[in-house]
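> Provided below are the primary sequence and the corresponding predicted coordinates.
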Amino acid sequence: MLLVSILLLMTGCNYSIDNHYVHFNPSKVKVGDQIAGLTLISINYDKETETVNAYFEGEVEISGYYMDSGFFAPDITSHLPKATYEESHKNSFRLENMPEFDSEHRAGTILIKDYEIHTRNTDLTNQAEFVRKID
């Protein structure tokens, strides 16, 4: 983890790793940037309201647990993008196409794709598409 942070600083990237997030500055990233193994394909950022709508393409493995509401809560071993100024970030996100899991199999590692971040003045929810369960 420390090595990754050093490499990011040395290459001049606008990212840092903290817990299970890779922080990015929404005013400095560009479409095509790689953040937490995902490619930024679109970003809308309103500096005045600090509203961010960021869309990422690609697949990433994350660990955590399934919630009854169709949401997934990643654990600290997972790395997902997060805007740098956010004081609090919705840890969980909605999973599209999530299969039903019984109460004994709520924790695990999954493969997701097309992660979206929506913060501040928006009715949209952070979400990703479920690809498959790893374990």
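That came through, no problem.
> Which stretches in the protein count as helices?
Along the chain, counting by DSSP state H, helices occupy 2-10.
> which residues does the residue nearest the centre of it bridge with?
Geometric centre of the chain, nearest residue: L80, 3.4 Å, by C-alpha atoms, centre = their mean. Residues in a beta bridge with L80, per DSSP bridges, are Y21.
> ok, F130 touching P99?
Yes - the pair F130 / P99 is scored as a contact, 7.3 Å apart, by C-beta atoms under 8 Å. Quick note: C-beta positions are derived from backbone N, CA and C, even for glycine.
> ok, these two, which is more surrounded?
It is F130, of F130 and P99, that has more neighbours when counted by other C-beta atoms under 10 Å, with 18 against 9.
> Let me know the distance separating that one from L111.
From F130 across to L111, the span is 8 Å (C-beta to C-beta, to the nearest Å).
> likewise L38?
L38 sits 12 Å away from L111, going by C-beta to C-beta.
> which one of these two has more residues nearby?
L38 (24 against 15).
> Let me know the pLDDT of that one.
On the pLDDT scale, L38 is placed at 93.
> Over to the one 5 residues further on?
I43 carries a pLDDT value of 94.
> what's the closest non-adjacent residue to it?
Of all residues not flanking I43 in the chain, A54 sits nearest, at 4.6 Å (C-beta to C-beta, 6 or more residues apart in numbering).
> Same question for K133.
The spatially closest residue to K133, leaving aside those adjacent along the chain, is I110, at 5.3 Å (C-beta to C-beta, 6+ apart).
> just I112 next, same as before
A128 (4.1 Å).
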